[in-house]
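**Student:** sequence plus predicted model, see below.
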Amino acid sequence: MDEPISRQPLAQAAVSATHHEGKYDGGTHHRRHDHHGWWWKTLLAGLALWVATVAVTVITLNSNLIPTLILLGSFLVPFCVMLFVLERIAGNISTLQVIIAFFIGGICGVLGASLLEADLAPSLLSYLGVGFIEEFVKGLLLIIIGWRVMPKTASQGALLGATVGAGFAAFESAGYAFNAAITAHGIDLVTLLQTEIVRAILAPVGHVLWTAILGAAIFGAARGRTHFRLSFGILAAFVGVSLLHALWDSSDGLAAMLALWLTGANHQQSEFGFISSTTASSAENLATVLYLSAMAVTALIGIIVLWRVLRHHRRAAVATGAGTTPVAPAPISPTNP
């Protein structure tokens, strides 16, 4: 006689998958990840390797080390973001899928954005176009990569979106570092290092943060279902992150224009170089302060938006009964088929 088959473990797994953030109704298992802190361990080890590479490059003046310096400096922080996600993402997504999201998402994102941005004329308004184009490309890739991911919840979307954004940031930073290094007079190591340091520090609050917001909105709208669902929140998130992206990119130019206006220099004076050295020095210092302030405010707004999006979908999941415990079916026995 067969032993009675209990469905209680399956019910408990469903509860653990939906307790915080929506319905998980699929045939896949819910993975549990252990937090080993590999992301910060890798960050420290990679930082030590980067410093060693810089030192050897300066001592030997070996130009063959420049590609190593570019790759290590551009990929270190984004790769650590991917490791951070791997220790926290759940559901049926595998480690290989997260790695694919990082590399394939990053490469396709950079290529797609480059094609769509090729005809944009350089101007302050072009920053709007860049923001909308790049966020659209990353959002589209996020939907394709996450099509079969379960459960579709806001936190899952934020983590997967951060991975796609990190991949995009890594390959984009490598391009900026390469352009900074190559000059008409040879390799400019100082500018290369400055570019890598600045972009590494800003990477988590740039592409990573923006795509995390968009991913949280896209996946959160699905409310744990097996398919994506269009909502006004997704459109609002897309417009919001695109504007944040545009403001981020244009902060340098806007800060310079505002600094010139506040110091009393008009556009004609700045265009033809009729600015006194005192005014130019004051404008430059003020522009630096305004630029850093704009970057900090933009990053803070992004962090607050991500927090509010995650909180909204968490509360919506609880309101729709996602946090309630389902009643387990009675065990199947030979007398009760």
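**Tutor:** Received the coordinates, thanks.

**Student:** now do the helices in this structure.
**Tutor:** Ranges of helices in the chain, per DSSP state H, are 8-18, 38-60, 66-86, 95-116, 126-145, 154-181, 189-202, 207-222, 232-262, 267-272, 277-319.

**Student:** I figured residue 287 was touching residue 256, is that so?
**Tutor:** Yes. Counting by Cβ atoms under 8 Å, residue 256 is a contact partner of residue 287 at 4.7 Å. Just so you know, the C-beta spots here come from the backbone N, C-alpha and C atoms, and that holds for glycine as well.

**Student:** between these two, which one's more packed in?
**Tutor:** The residue with more neighbours, out of residue 287 and residue 256, is residue 287; 21 against 18, by other Cβ atoms under 10 Å.

**Student:** grab the nearest non-local neighbour of the residue nearest in space to the middle of the chain.
**Tutor:** Centroid-nearest residue in the chain, with Cα atoms, centre = their mean: residue 208, separated by 1.4 Å. Once flanking residues are discounted, residue 208 sits nearest to residue 165: 4.3 Å by Cβ to Cβ, 6 or more residues apart in numbering.

**Student:** residues contacting the residue nearest to the centre of the chain?
**Tutor:** By Cβ atoms under 8 Å, 6 or more residues apart in numbering, the contact set of residue 208 is 78, 81, 162, 165, 166, 169.

**Student:** tell me the pLDDT at it?
**Tutor:** For residue 208, the pLDDT comes out at 97.

**Student:** burial of residue 44, as a residue count?
**Tutor:** 10.

**Student:** how close does it get to residue 74?
**Tutor:** Distance of residue 44 to residue 74, given as Cβ to Cβ, to the nearest Å: 18 Å.

**Student:** same check on residue 295?
**Tutor:** Computed as Cβ to Cβ, the residue 295 to residue 74 distance reads 19 Å.

**Student:** those two: which has the busier surroundings?
**Tutor:** Comparing residue 295 with residue 74 by other Cβ under 10 Å, the one with more neighbours is residue 74, at 25 against 19.

**Student:** low pLDDT regions in this protein?
**Tutor:** In the predicted model of the chain, residues 1-35, 265-280, 321-337 satisfy pLDDT under 70.
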